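Colleague: what's the 3D shape of this:
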Amino acid sequence: MTNTKNSIAGSVYPFLDARTPMANSDLLPVKLSVNLKGAQFRIGLKLYSSPALFEKAMSSKGTIPKEAKALKDKIDEYHNKGKEILKQFPKANQRMFTNLFKSETALKISGKTDLGVLFQSKIDELTDEDRAGSKSFYEQALITFKKFKSTFYLEDITVEWLKAFRAWYTNQGNSKATAQIHFRCLRHIYNRAIKDGYISQGLYPFKEFTIGSSSRSKDVLYPEQVKLLLDYEPKTNGQARSKDYFLFLYLCNGMNIKDALSLKGSDIKGDMITFVRAKTSETTSETKEINVYLHPEIKRIIKTWGELKTKDYIFPCFRCTKSDIERKKAKDILARNLNRDLRPIGVAIGLPMNLTLNLARHSFATRLKIDGTPTSFISDALGHSSSAVTAHYMKTLPDAQYKKISESLLKF
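Modeller: Modelled structure (predicted):
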């Protein structure tokens with residue numbers, strides 16, 4: 001693969017902007033004109049000069065006066081940084097160029113590609129696309145990697161580096177599952193860097209390093225525990241709401257809270273709710289519709305905490321929000337409050353784990369497994385792309401189920 005890192009992707013040159021003179025002065029701002037992928041834009045340098053002094057500073061003839069020389073040195077510093085950005089980041093867009101130019105990144109000193117810049121470029125894209133959830137993954141990954149090594153360069157990422165990070169991260173008491181999320185973010189950035197010509201495919205470290213996946217079974221509520229929850233009499237309005245939201249998620253094919261809050265009246269057609277998981281709609285080109293029967297209990301919950309017949313969101317949490325960032329903030333606050341009110345319910349009914357909204361999805365999948373439902377059907381109900389993904393959500397059968405199976409083996 002040809003590395004384009006040493007090619008120049010555009011051009012930069014300093015100029016005097018006569019359109020915006022300093023008030024009550026003959027001084028004009030010195031700016032840098034950037035031509036990038038056919039687009040042209042200007043960046044202010046916080047320098048001012050008279051036309052005569054600027055002309056002397058830019059002159060290549062003879063010895064220039066001391067004042068002009070001082071101005072020229074400052075302009076050259078900015079000019080060279082602009083050229084170095086174009087050299088090291090040939091795929092940069094206007095935002096990335098501007099961020100790099102205004103940062104304190106010492107491009108020439110490192111001689112390497114700053115991974116923080118590539119991460120920030122991805123974060124900026126996700127901001128433009130209003131994908132707050134994905135954005136937070138990359139932001140947290142960047143923060144964590146920089147805690148591990150304050151110098152964070154593309155060329156330093158080797159199998160040994162990845163192993164050292166995982167050992168350091170887990171020794172801090174963090175989970176392997178969260179490390180895997182950070183690694184996936186880094187792998188995505190590395191793959192983009194290869195595509196954009198910042199580094200060779202031959203250096204790719206993820207061929208020999210396995211990110212892995214968490215195979216640990218999830219905590220679930222087995223059917224008898226769901227029955228205890230269903231029969232529980234809430235002590236407060238908050239408990240009543242949290243119990244109903246949990247049951248709603250459970251009855252809606254283990255729907256997650258974001259998808260539940262995103263439901264609109266138009267998603268209800270007759271006795272069915274049809275929706276597409278936000279998670280898959282943002283990360284794949286294939287939109288898989290999930291169908292949920294409008295169980296009478298689902299109708300009751302909607303009527304209690306939302307509106308069944310509306311063109312707006314069924315539940316009120318996302319009403320009046322204008323962006324995914326606002327919706328994420330509202331969702332996080334509600335989920336935190338719901339989980340807070342679920343905890344004492346779990347204690348009261350004797351659960352061995354904390355009762356949280358996340359258990360609804362795993363409990364739904366496990367209930368279908370216990371009932372002998374084919375994994376392919378469970379996969380469709382959950383909106384998964386494969387049965388292998390579905391297996392991750394299904395808890396091992398309870399001991400009583402194994403006992404029942406065992407006792408039946410010699411019955412004819």
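Colleague: Identify the residue nearest Lys163 in space, chain neighbours excluded?
Modeller: Nearest residue to Lys163 in three dimensions, chain neighbours excluded: Phe209, at 7.0 Å (CB to CB, 6 or more residues apart in numbering). Yep, even glycine has a C-beta here, placed from its N, CA and C like the rest.
Colleague: Quick check: that neighbour touching Leu162?
Modeller: Yes - here Phe209 reaches Leu162: they are 4.7 Å apart, a contact under CB atoms under 8 Å.
Colleague: ok, Phe248 to Lys195 distance?
Modeller: Distance, Phe248 to Lys195, by CB to CB, to the nearest Å: 42 Å.
Colleague: Comparing these two, which residue is more hemmed in?
Modeller: The neighbour comparison of Phe248 against Lys195 (other CB atoms under 10 Å) goes to Phe248, with 26 against 11.
Colleague: Could you tell me how many residues sit around Met255?
Modeller: A count of nearby residues for Met255, using other CB under 10 Å, gives 25.
Colleague: meant to ask about Leu32, not that
Modeller: For Leu32, the neighbour count with other CB under 10 Å is 20.
Colleague: which secondary element of this structure has the worst mean pLDDT?
Modeller: Of all helical and strand segments in the chain, the minimum by mean pLDDT, DSSP states H and E falls on helix 107-110, at a mean of 54.
Colleague: Provide a list of residues in contact with Leu355.
Modeller: By CB atoms under 8 Å, 6 or more residues apart in numbering, the contact list for Leu355 reads 221, 229, 246, 342-343, 345-346.
Colleague: how about the nearest residue to it, chain neighbours excluded?
Modeller: Gly346 is the one closest to Leu355 (CB to CB, 6+ apart), at 2.9 Å.
Colleague: And the contacts of the helix or strand hosting the one you found?
Modeller: Under the criterion of DSSP states H and E, Gly346 resides in helix 324-348. Applying CB under 8 Å, 6+ apart, the contact partners of helix 324-348 are 130-133, 136, 229, 232, 234-236, 238-239, 241-243, 245-246, 257-258, 261-262, 317-318, 321, 353-357.
Colleague: which phi and psi does Val276 have?
Modeller: phi -120, psi 130 (degrees, to the nearest 10).
Colleague: picking that back up, narrow the contacts of helix 324-348 to just the buried residues.
Modeller: 131-133, 229, 234, 239, 241-243, 245-246, 257-258, 261-262, 317-318, 321, 355-357 (16 or more other CB atoms under 10 Å).
Colleague: Out of the residues you listed, list just those in helices.
Modeller: Applying DSSP state H to the buried ones among the contacts of helix 324-348, the entries found in helices are 132-133, 229, 239, 241-243, 245-246, 257-258, 261-262.
Colleague: Can you pick out the most distant pair from these?
Modeller: Greatest spatial distance in these: Ala132 and Leu229, 30.7 Å, computed using CB to CB.
Colleague: Just list what the host helix or strand of Ile194 packs against, helices and strands only.
Modeller: Ile194 belongs to helix 176-195 when assigned by DSSP H and E. Contacts defined by 3 or more CB pairs under 8 Å, 6 or more residues apart in numbering; DSSP states H and E place helix 176-195 against helix 115-128, helix 132-148, helix 159-171.
Colleague: Identify whichever of these lies nearest to Gly10.
Modeller: When the helices and strands packed on helix 176-195 are compared for distance to Gly10 using CB to CB, the nearest one is helix 115-128, at 16.3 Å.
Colleague: Point out the other helices and strands that the closest one packs with.
Modeller: Helix 115-128 sits against helix 94-102, helix 132-148, helix 176-195, with contacts defined as 3+ CB pairs under 8 Å, 6+ apart.
Colleague: which sections of the chain are below the confidence cut-off?
Modeller: Applying pLDDT under 70 to the chain flags the ranges 1-9, 62, 104-111, 213-218, 280-287, 383-412.
Colleague: quick one, domains of it?
Modeller: What automatic domain parsing lists as the domains of the chain is 10-90, 115-207, 223-405.
Colleague: measure the second one end to end?
Modeller: Yep, that's domain 115-207 we're talking about. End-to-end distance of domain 115-207: 19 Å, with CA to CA, to the nearest Å as the criterion.
Colleague: buried residues in the helix holding Ile194?
Modeller: 179-180, 182-183, 185-187, 189-190, 193-194.
Colleague: Then stretch 373-383?
Modeller: Buried residues in stretch 373-383 (16+ other CB under 10 Å): 375, 378-383.
Colleague: Look up how far Arg361 lies from the residue nearest the centre of the chain.
Modeller: Residue closest to the average C-alpha location in the chain (CA atoms, centre = their mean): Ser134, at 1.6 Å. Ser134 sits at a distance of 19 Å from Arg361 (criterion: CB to CB).
Colleague: related to what we said a few turns ago, tell me which residues in the helix holding Gly346 are buried?
Modeller: Using 16+ other CB under 10 Å as the test for burial, helix 324-348 gives 324-325, 327-328, 330-331, 334-335, 338-339, 341-342, 344-346, 348.
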